[in-house]
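> I would like to see how this sequence folds:
(chains A and B)
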Amino acid sequence: MRLLIKTVLYYVTASLLFFIVAGFIIVFDFKNIIDQEINKYLVNREEIATTQIVNGVDLESLNNYEQIIKETDSHIRLDNLIFKDTTRYDIIDDTFHDYRMLKVTRRIGNIYYEITMFRSLIQPNTLIKEVLISLFIVFLGLLAFLILSNLLISTKVWLPFKETLKALETYELGSSMPLDLQSSSTQEFDQLNEIINSMIKKMRYDYLNLKEFTENLAHEIQTPLTIIRRKSEKLLHSNDLTKEQVDKLNAIYSNCIRLSRVNRGLTLLAKIDSGVYQKHKQVNITDILKSQVQHYAEMISLKDITLKTDLKHDIRYDINPELSIILISNLIRNAINHNIKDGEISISTFDQGIIIKNTGKNLPISQELFNRFQKTGGNSLGLGLSLISKICNLHNIHIEYRYSDENHVFQLFF
Amino acid sequence: MKLLIVEDEQELLEDLVDFFKKDFLCETASSVAFAQEKIYMHKYDAIILDVGLPDGSGLEALEYLRTLDSNTGVLILSAYDAIDDKVKGLDLGADDYLAKPFDYNELNARIKSIIRRKHFKGNNIITFDEIEIDTDSKEVRVGNKFIDLTHKEYQLLLYFISNENRVITKESIVEHLWGDDTDIFDSFDFIYSHIKNLRKKIIRACRKDYLKTIYGIGYKFKKE
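Below is the predicted model:
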């Protein structure tokens, strides 16, 4: 969840709780005050009515809808004011309405009067309703204001943080562009940027160090390898060697060649990673396929493999020309390398790409084989597939592998 | 014929001199300054030039050489298997390029090919005993009989003759014929068929077997 939305949600929940509590308190208070006022009013009217009775006003003329005075015999709870909420039938709109009632028994002279006073509660109830409505409106307004101001303030306050995030997102460790973190007026963000900067600096230093080490190793190892290779070759040429010595020397010799080949492959992978092969050009993939097929035709026949080709579609793609050759040749080599005796290779094109299919001695390969040095045995270095997938990734070529009818199928979508 | 070897690694330099002294009068230099001095004072048929030298790039020496004459064949040796180096070197007038670690027989074949191109213009005939190879038309003759060779057999013969009297390992042959693709093969047995066929054709034409098998190692091509 986005930070802004999260804070707004918290704000809304907190203010909602606050308003509910505040609303209850206000309504409760209001009711209390209104009750007291109504009670005072009723007492007041009762006093007036009592005075009028004392003054000998006719009872009939004192009685009306809100005031009933009658003589009574019972005189229990004399002068005791009894307040009560009640409902009364209203003939005008044919419904029951809320009323506050005051009942008291008075003795005036020798006669006991039961005086009942009513006061309609319609008005106070409307008042409370009105208060609640305006309270609700205020709440909505305040809420809108809260959300809006929070959005605005947060956007402004968190801007440096967002910029830092964006800068980090686009930053590439190997690139020569330094990480550009703007300073802000917020201490914490400045601190964050400072920490990130020093971390990146350290990482970049390590990365460049490692890169330099790899490059140096790749280059510096070549001359000693040449020497080892030559020395073992010369030893091999000497006349009085036992068979065991020849075997051992041969092992040194061939492993030396192997080492230099691994080294070359790894250097190539490292170079692709470090972006040496940036230059793109439109390349005719079909032409490369044709020339590579021709190049490998002899090897394919030497391994008693049948080759079928169907290169009718003209596929053109923006790719680094050198890498395109490496890609195609590695695909074909892979198909040759992991084939079986009297096997088959089929290389074909379709309107979006190429399909290379080969019979193979192994079961379907797992995704791990696209990593370095994952081998299925044989003489391969275990770098071919990782080279293929790296080149495909670099040029947004979609590669699909499947295993069907005992065939390994590589499909490339250009 | 004179060969200048520019290489700063002493051990490698000695090996190179040791290898080439049979066919060439070898001189050495281990820095750009030395190389330029030698280039200024002498004329060489070919130069083997290492790129990474202590006082600069071997390409500087190449540039300097090309201001003096253009007839010296130059092969660049580089530990940097970089296309950049290759392109730059060839642009500056180098004739060939080989990445370390290299095979000595391969280097030898390349040097000889450069010298042939540079110094025997119009005469592209290589003679070995009775065998004559026209490197232009890629025809092989013994007397006035043509030997019909496949492309690979032709390459193989040329490689053998370039490395006359030297031991040639199977690996070296495979690398020469198939370059970097040697790792495709589980064993190098298949080259036997190429070699067997070539040998048969030569024996039939010359009634001589120049090719000696050295058990467990490789071959040697030499006159009787």
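> which phi and psi does the residue of the stretch 1-150 of chain A found nearest chain B have?
At 47.5 Å from chain B, residue A:2 is the closest residue in the stretch 1-150 of chain A, using CB to the nearest CB. To be clear about C-beta, it is placed using only N, CA and C from the backbone, and glycine gets the same treatment. Residue A:2 adopts backbone torsions of phi -70, psi 150, taken as degrees, to the nearest 10.
> Considering helices and strands only, name the one in chain B with the lowest mean pLDDT.
helix B:83-91 (a mean of 76; mean pLDDT, DSSP states H and E).
> Show me the contact partners of whatever helix or strand comes next after it.
Remark: after helix B:83-91, the chain's next helix or strand is strand B:96-99, criterion DSSP states H and E. Under the contact criterion CB atoms under 8 Å, 6 or more residues apart in numbering or on different chains, strand B:96-99 has outside partners A:222, A:264, B:73-81, B:85-86, B:89-90, B:106-107, B:110, B:113-114.
> one step back: pull the number of nearby residues for the residue of the stretch 1-150 of chain A closest to chain B.
Other residues near residue A:2 come to 8 when the count uses other CB atoms under 10 Å in any protein chain shown.
> next one: residue B:93
Using other CB under 10 Å, the number of residues around residue B:93 comes to 13.
> got a list of what it touches?
Counting by CB under 8 Å, 6+ apart, residue B:93 makes contact with B:62, B:65-66, B:70, B:74.
> Quick one: mark the members of the contacts of strand B:96-99 that sit in strands.
Under the assignment DSSP state E, those contribute B:73-78 to strands.
> for chain B, what are the nearby residues on chain A?
Within chain A, the residues that sit near chain B (CB under 8 Å from any CB of the partner chain) are A:219-220, A:222-223, A:225-227, A:229-231, A:233-234, A:236-237, A:243, A:246-247, A:250, A:253-254, A:256-257, A:260-261, A:264, A:267, A:296, A:298-299, A:302, A:322, A:329, A:333, A:336-337, A:378-381.
> Out of those residues, which sit inside helices?
Counting by DSSP state H, the residues of chain A next to chain B place A:219-220, A:222-223, A:225-227, A:229-231, A:233-234, A:236-237, A:243, A:246-247, A:250, A:253-254, A:256-257, A:260-261, A:264, A:267, A:296, A:298-299, A:302, A:322, A:329, A:333, A:336-337 in helices.
> Outline the domain layout of the chain.
Picking chain A for this. A:3-129, A:171-218, A:221-273, A:281-413 (automatic domain parsing).
> The intended chain is chain B.
B:2-119, B:125-221.
> mind checking how far the shortest one is from the chain centre?
Translated: domain B:125-221. Taking CA atoms, centre = their mean, to the nearest Å, the mean C-alpha location of domain B:125-221 is offset from the chain mean by 14 Å.
> Compute the first-to-last residue distance for that domain.
Start-to-end span of domain B:125-221 (CA to CA, to the nearest Å) is 19 Å.
> For the lengthiest strand in chain A, which residues meet the burial criterion?
What stands out as the longest strand in chain A, according to DSSP E, is strand A:95-108. Residues A:97, A:99-106 are the ones in strand A:95-108 that count as buried (16 or more other CB atoms under 10 Å in any protein chain shown).
> got the angle between whichever helix or strand comes after it and strand A:95-108?
Using DSSP H and E, the helix or strand that directly follows strand A:95-108 along the chain is strand A:111-120. If you take axes from the mean of the first three to the mean of the last three CA atoms, to 10 degrees, strand A:111-120 sits at 150 degrees to strand A:95-108.
> where exactly do the strands run in chain B?
Per DSSP E, chain B carries strands over the ranges B:2-6, B:25-29, B:46-50, B:52-53, B:56-57, B:73-78, B:96-99, B:125-128, B:131-134, B:139-142, B:145-147, B:167-169, B:211-214, B:218-221.
> again with chain A
Using DSSP E, strands in chain A cover A:67-72, A:82-90, A:95-108, A:111-120, A:281-284, A:306-310, A:316-319, A:344-350, A:353-359, A:398-404, A:407-413.
> Report the contact partners of residue B:38.
Contacts were defined as CB under 8 Å, 6+ apart; by that measure residue B:38 touches B:4, B:27, B:29, B:44.
> Count the neighbours of the second one for me.
When neighbours are defined as other CB under 10 Å, residue B:27 has 18 of them.
> How much space separates it from residue B:58?
Applying CB to CB, to the nearest Å, the value for residue B:27 to residue B:58 is 15 Å.
> and if you look at the last one?
As for residue B:44, its distance to residue B:58 is 14 Å (criterion: CB to CB).
> returning to what we had before: now tabulate the buried residues of strand A:95-108 in a markdown table and tack on distance to residue A:391 and pLDDT.
Output for the buried residues of strand A:95-108, formatted as a markdown table (distance: CB to CB, whole Å; pLDDT from 0 to 100):
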| residue | distance to residue A:391 | pLDDT |
| --- | --- | --- |
| A:97 | 88 | 86 |
| A:99 | 91 | 89 |
| A:100 | 91 | 89 |
| A:101 | 95 | 90 |
| A:102 | 98 | 90 |
| A:103 | 100 | 89 |
| A:104 | 103 | 89 |
| A:105 | 107 | 89 |
| A:106 | 109 | 87 |
